[in-house]
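K.L.:
prediction below, plus the sequence it came from.
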Amino acid sequence: DGPDDPFPKRLDRIDLATGVCSPNQGKLPTVEQWGSPLGMAFVTDTNGGSTEGLFFVDTSTRVYGLGAAEALGRFYDGGGLTFSGVELSGTGAGRLFMLIMNWTPEWDHPCTADNPCYPTVHLGEVNKNDGTEVSNVELPDVPAMGISSGGFAFAHWGGHFWVFISKDFGPTHVYDYDPAADVTVLAKSDGPDGVVGAGVSTCAPLEMPK
């Protein structure tokens, strides 16, 4: 925090057993664009490990470690693409994933009302060492928010990825993506209004309970 940080942020740790809050437990990344929101997620250091790290991502898909002044790297480093609405989710298998709500390509035609350029939703695995892309797939059955107001969230649980979308901060729609089958279903259409986050523990199951 300070005069050079127009959007100061800090990280506190709360003991769920006692309710005690320990403030300022680690320095957050100093991103170049302070207006850029940061998505974040915990992920174990190794598959099944007992230690974990905290990672952040900004809306340009640059990935940061806790306390880093510089990004580890960038998930997408090509030209002609713009992004908004980027989130992370980690697993107890030591894997880090990114959801991009509005993946906007460089179209080969002018974008007009008669011939619009629609954004799409993309999901990919992130290399924790350098922030680059390990995988990247489109989720065509998850609607991109575009310029609509509202909130969204993203989490891994049970080997599936769950995308929560609340357009205009109304009822939340929950989409369940099964990467093994490459299938997305609408799991719920009447969730609570205005979802904006879905943190998940690294203790969450890696497979769907039987």
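P.N.:
Sure, I can see it.

K.L.:
who's in contact with E125?
P.N.:
Residues near E125 by C-beta atoms under 8 Å, 6 or more residues apart in numbering: 95-98, 133-135. No exception for glycine: its C-beta is placed from N, CA and C like everyone else's.

K.L.:
same thing but at 7 Å, please
P.N.:
95-97, 134-135 (C-beta atoms under 7 Å, 6 or more residues apart in numbering).

K.L.:
state the helix or strand in which Y64 lies.
P.N.:
Taking DSSP states H and E as the criterion, Y64 maps to strand 62-65.

K.L.:
picking up where we left off before, neighbour-wise, which of the contacts of E125 leads?
P.N.:
The residue in the contacts of E125 with the most neighbours, by other C-beta atoms under 10 Å, is L96 (24 neighbours).

K.L.:
centre of the chain to the strand holding Y64, how far?
P.N.:
Put simply, strand 62-65 sits 12 Å off its chain's centre (C-alpha atoms, centre = their mean, to the nearest Å).

K.L.:
next helix or strand past that strand?
P.N.:
Strand 62-65 is succeeded, C-terminally, by strand 73-74 (DSSP H and E).

K.L.:
quick check, central residue of the chain?
P.N.:
E87 (1.2 Å; C-alpha atoms, centre = their mean).

K.L.:
so what's that residue bridging to?
P.N.:
On the basis of DSSP bridges, E87 is bridged to L99.

K.L.:
and what of G124?
P.N.:
Applying DSSP bridges, one finds that G124 bridges with M98.

K.L.:
is it true that it touches G131?
P.N.:
No - between G124 and G131 there is no contact under C-beta atoms under 7 Å: 11.4 Å.

K.L.:
list residues touching both of those two?
P.N.:
F75.

K.L.:
just to revisit the earlier point, residues touching the residue nearest to the centre of the chain, list them.
P.N.:
39, 99, 153-154 are the contacts of E87 under C-beta under 7 Å, 6+ apart.

K.L.:
any chance of those residues in a markdown table, plus pLDDT and neighbour count?
P.N.:
Shown next, in a markdown table, are those (pLDDT from 0 to 100; neighbours: other C-beta atoms under 10 Å):
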| residue | pLDDT | neighbour count |
| --- | --- | --- |
| G39 | 86 | 21 |
| L99 | 95 | 27 |
| A153 | 92 | 21 |
| F154 | 93 | 28 |
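
K.L.:
returning to that earlier point: can you tell me what sits against the strand holding Y64?
P.N.:
Contacts of strand 62-65 (C-beta under 7 Å, 6+ apart): 29, 53, 55-57, 71-75, 126, 131.

K.L.:
and of these, the nearest to V163?
P.N.:
V57 (15.7 Å; C-beta to C-beta).

K.L.:
mind checking how far L206 is from T91?
P.N.:
6 Å (C-beta to C-beta, to the nearest Å).

K.L.:
should've said D178
P.N.:
15 Å.

K.L.:
who has more neighbours out of these two?
P.N.:
Applying other C-beta under 10 Å to D178 and T91 shows that T91 carries more neighbours, namely 23 against 14.

K.L.:
element containing A153?
P.N.:
A153 belongs to strand 150-157, assigned by DSSP H and E.

K.L.:
nothing else from me, thank you.
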